[in-house]
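K.L.:
Provided below are the primary sequence and the corresponding predicted coordinates.
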Amino acid sequence: MGLASVRCSDEPTVLLSVPNHSETDRSSLSTRFLRSAEKCRTIIEADAVRLSLQTVVAVVLVYVWMRWQALPEIAWGAFSALFVVRASVEGTIGEASARILGALIGVVLGVSLVLVANAAGVGPTWRITAGVGAAAYLSMRWPMLSYSLVTVTILTVMPDNDILGGAIHKGVAILIGSASGILAAAAVLPLSARRSVRMNLAASIEAYGEMLVDWVSTFNDAREHPPLHEPPVMKRTRGQARDMAAQACSFPLDMVYSHASVDRLQNRIESLWRTAPLMERTGNFVLSHRLCACLSPALEEVAQALKQQLGDLADALRKRDAAPSRHRLDASLKGLDDAIEEAVRTRGCDASERDAIGVIRWVWHEVAREVHALDDYLNQGRTGSGPAR
């Protein structure tokens, strides 16, 4: 066996750092896992998925409980659970409460009419007419009692042999089904209507800020100004905010929580939205390229300041935090006034252009005024010196 020769060198040994592939792989896997988890959460929390899961859980709860307790009228309980689930916990509570109250009134009215009709010896037409007519009036007068029309119709058209016992069984099934709907809405991916109002309103004012910047970006170009009055994001979020506001103040929660604060917040933001058509109309003015070039930097500065301010206000809405300072917005408005004064004094600016510039200045100050008012409102709600949100 030969001996291996070993060469020794006087050259310095260079140590190369070898990357730790295991740590890199773990970091990459962790990042991918977090992204996948966030994507799954977004999908699951979507209204279509969340409402489907809540409805399934509510119906299963009714079925299991009533089978376990050997209670009759399982179908009545399942249908109640099916129809009371709403997009929010408050909406589900309101719908379930209205269904229970309507069912109670319908049971009392239906049983009473059947017993009176039997005692008086009159035909079923009389009790059906009286019951359906009375329940229909109640439903028109108080829409939340509309389920009384269903129960009184069933009881008067097809009364059981034991009318009182059958009505009690149906009432218990409706109660269990409604309670299961509330439990499912509160336990499975619950959504607060009041929080959803704030989230949607925050998204709408953020979209408004983006549209202002987009509008200004076209001021010095040949592009057509974007429509501001109803962009898709604002349209969707405004509709969702209105729906959630109604659910947040539905019966019986309206006796506990006042809807005045929600209405004031929506009205305050509606005032901001109403400036969008004014802004859109200013895009119809025809100005020379020289004036556009003169005003464009100042308008861009104001739009960016408004976007930042609206973004901060949106964060304040989401986090119930105080709104930030508005020094940058005030400074940018002063810069716009200076740029307009300089443009008006420029030789060649005719009367129509001066009028158009004056309208543009007024509209941007109106937008800023509404943003200031929203800022003041949110800060008052935070400090307790004004209406709470």
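P.N.:
Thanks, I have it.
K.L.:
got a list of what the nearest residue to residue 156 once chain neighbours are set aside touches?
P.N.:
Closest residue in space to residue 156, ignoring its immediate chain neighbours: residue 131 at 4.2 Å, by Cβ to Cβ, 6 or more residues apart in numbering. Where C-beta positions appear, they are placed from N, C-alpha and C, glycine not excepted. Going by Cβ atoms under 8 Å, 6 or more residues apart in numbering, residue 131 touches 109, 110, 113, 152, 153, 155, 156.
K.L.:
what's the closest of the residues you listed to residue 49?
P.N.:
Nearest to residue 49 among the contacts of residue 131: residue 153, at 34.7 Å, using Cβ to Cβ.
K.L.:
so that closest one is in which element?
P.N.:
helix 147-157 (DSSP states H and E).
K.L.:
the next helix or strand after that helix versus helix 147-157: what angle between them?
P.N.:
Moving toward the C-terminus from helix 147-157, the next helix or strand (DSSP H and E) is helix 163-187. Angle between the axes of helix 163-187 and helix 147-157 is 150 degrees (criterion: axes from the mean of the first three to the mean of the last three Cα atoms, to 10 degrees).
K.L.:
got the buried residues for helix 163-187?
P.N.:
Within helix 163-187, the residues that count as buried by 16 or more other Cβ atoms under 10 Å are 163, 166-167, 169-185.
K.L.:
likewise for stretch 350-370?
P.N.:
Neighbour-count burial for stretch 350-370 [16+ other Cβ under 10 Å]: 353, 356, 357, 360, 361, 363, 364, 366, 367, 368, 370.
K.L.:
contact partners of that stretch?
P.N.:
212, 271-272, 275, 278-279, 281-282, 285-288, 291, 295, 299, 302, 306, 329, 333, 336-337, 340, 343-344, 349.
K.L.:
out of the residues you listed, which are buried?
P.N.:
Neighbour counting with 16+ other Cβ under 10 Å marks 212, 272, 275, 278-279, 282, 287, 291, 295, 299, 302, 306, 329, 333, 336, 340, 343, 349 as buried within the contacts of stretch 350-370.
K.L.:
in helices, which of those appear?
P.N.:
Within the buried ones among the contacts of stretch 350-370, residues falling in helices by DSSP state H are 212, 272, 278-279, 282, 291, 295, 299, 302, 306, 329, 333, 336, 340, 343.
K.L.:
tell me how far residue 104 lies from residue 111.
P.N.:
In this structure, residue 104 and residue 111 are 11 Å apart, going by Cβ to Cβ, to the nearest Å.
K.L.:
try residue 349
P.N.:
Between residue 349 and residue 111 the computed distance is 83 Å (Cβ to Cβ).
K.L.:
quickly find the element holding residue 50.
P.N.:
helix 47-68.
K.L.:
buried sites along the helix holding residue 153?
P.N.:
Neighbour-count burial for helix 147-157 flags 147, 148, 149, 150, 151, 152, 153, 154, 155, 156 (criterion: 16+ other Cβ under 10 Å).
K.L.:
what of stretch 211-218?
P.N.:
Buried residues in stretch 211-218 (16+ other Cβ under 10 Å): 211, 212, 214, 215, 216, 217.
K.L.:
how about those residues in a markdown table, adding distance to residue 205?
P.N.:
Below are the buried residues of stretch 211-218 laid out as a markdown table (distance: Cβ to Cβ, whole Å):
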| residue | distance to residue 205 |
| --- | --- |
| 211 | 11 |
| 212 | 11 |
| 214 | 15 |
| 215 | 15 |
| 216 | 17 |
| 217 | 19 |
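K.L.:
out of those residues, who's nearest residue 100?
P.N.:
residue 211 (44.9 Å).
K.L.:
and the closest one, how far from residue 340?
P.N.:
22 Å.
K.L.:
again with residue 91
P.N.:
Residue 91 is 49 Å from residue 340, where distance means Cβ to Cβ.
K.L.:
for residue 175, same thing?
P.N.:
Taken as Cβ to Cβ, the span from residue 175 to residue 340 is 67 Å.
K.L.:
likewise for residue 198?
P.N.:
For residue 198, the distance to residue 340 (Cβ to Cβ) stands at 36 Å.
K.L.:
show me this protein divided up by domain.
P.N.:
47-187, 194-383 (automatic domain parsing).
K.L.:
so of those, which one's packed in deepest?
P.N.:
Mean neighbour count (mean count of other Cβ atoms under 10 Å) peaks for domain 47-187 among these, with a mean of 19.
K.L.:
same question for that domain, mean pLDDT?
P.N.:
Averaged over domain 47-187, pLDDT sits at 93.
K.L.:
convert stretch 336-356 to PDB, retaining C-alpha atoms only.
P.N.:
The C-alpha atoms that make up stretch 336-356 are tabulated as PDB, following Å, rounded to 0.1, in the frame of the first residue of the first chain:
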ATOM      1  CA  LEU A 336     -51.900  76.000  -5.300                       C
ATOM      2  CA  ASP A 337     -53.200  79.500  -4.500                       C
ATOM      3  CA  ASP A 338     -49.800  81.000  -5.300                       C
ATOM      4  CA  ALA A 339     -49.600  79.100  -8.600                       C
ATOM      5  CA  ILE A 340     -53.000  80.300  -9.600                       C
ATOM      6  CA  GLU A 341     -52.200  83.900  -8.800                       C
ATOM      7  CA  GLU A 342     -49.100  83.600 -10.900                       C
ATOM      8  CA  ALA A 343     -51.000  82.000 -13.800                       C
ATOM      9  CA  VAL A 344     -53.700  84.700 -13.700                       C
ATOM     10  CA  ARG A 345     -51.100  87.400 -13.900                       C
ATOM     11  CA  THR A 346     -49.500  85.700 -16.900                       C
ATOM     12  CA  ARG A 347     -49.800  87.600 -20.200                       C
ATOM     13  CA  GLY A 348     -52.200  85.900 -22.500                       C
ATOM     14  CA  CYS A 349     -54.600  84.500 -19.900                       C
ATOM     15  CA  ASP A 350     -58.000  85.500 -21.100                       C
ATOM     16  CA  ALA A 351     -61.200  86.000 -19.200                       C
ATOM     17  CA  SER A 352     -62.600  82.500 -19.800                       C
ATOM     18  CA  GLU A 353     -59.400  80.900 -18.600                       C
ATOM     19  CA  ARG A 354     -59.400  83.000 -15.500                       C
ATOM     20  CA  ASP A 355     -63.000  82.000 -14.800                       C
ATOM     21  CA  ALA A 356     -62.100  78.300 -15.300                       C
END
